[in-house]
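**Q** Sequence first, then the predicted structure, then my questions.
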Amino acid sequence: MVDGQGDPNTSPAYAEAISALYPVAYGLKFASRRWLRLAMAVATTRST
């Protein structure tokens, strides 16, 4: 579960959550492009 707690720069739980969510978001992006002909951006995971 991604609940929005902790420091994203130091929390291992945040890294695990992003590792799980990013492939799903990327897959949905390409599925929507193929089936619905939509284009949407997937945010990067870089911190500044």
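**A** Yes, it's here.

**Q** so where is this structure shaky, pLDDT-wise?
**A** Along the chain, the parts satisfying pLDDT under 70 run over 1, 4, 36-48.

**Q** hey, where'd the helices end up in it?
**A** 12-35 (DSSP state H).

**Q** How many neighbouring residues does the residue lying closest to Val2 once chain neighbours are set aside have?
**A** Spatially, and ignoring its direct neighbours in sequence, Val2 is nearest to Ala17 (4.3 Å; Cβ to Cβ, 6 or more residues apart in numbering). Glycine gets a C-beta too; all of them are placed from N, C-alpha and C. Look at Ala17: counted by other Cβ atoms under 10 Å, it has 17 neighbours.

**Q** With the one 10 residues further on instead?
**A** When neighbours are counted by other Cβ under 10 Å, Gly27 registers 11.

**Q** go on, the one 4 residues further on?
**A** Ala31 is flanked by 11 other residues according to other Cβ under 10 Å.

**Q** same question, Ala20
**A** Per other Cβ under 10 Å, the neighbour tally for Ala20 reads 10.

**Q** Same question for the one 3 residues further on.
**A** The burial metric for Pro23, expressed as a neighbour count using other Cβ under 10 Å, is 9.

**Q** Ok, Asp7 next?
**A** A total of 7 residues lie near Asp7 under the criterion other Cβ under 10 Å.

**Q** nearest spatial neighbour of it, skipping sequence neighbours?
**A** Once flanking residues are discounted, Asp7 sits nearest to Tyr14: 7.6 Å by Cβ to Cβ, 6+ apart.

**Q** What about that neighbour, how many residues nearby?
**A** Applying other Cβ under 10 Å, I find that Tyr14 has 17 neighbouring residues.

**Q** Please look at it and Ala20 and confirm they touch.
**A** No: using Cβ atoms under 8 Å, Tyr14 is not in contact with Ala20, being 10.9 Å away.

**Q** just wondering, since we're on Gln5, how far is it from Arg34?
**A** 35 Å (Cβ to Cβ, to the nearest Å).

**Q** what do you get for Pro23?
**A** From Pro23 to Arg34 the distance is 16 Å (Cβ to Cβ).
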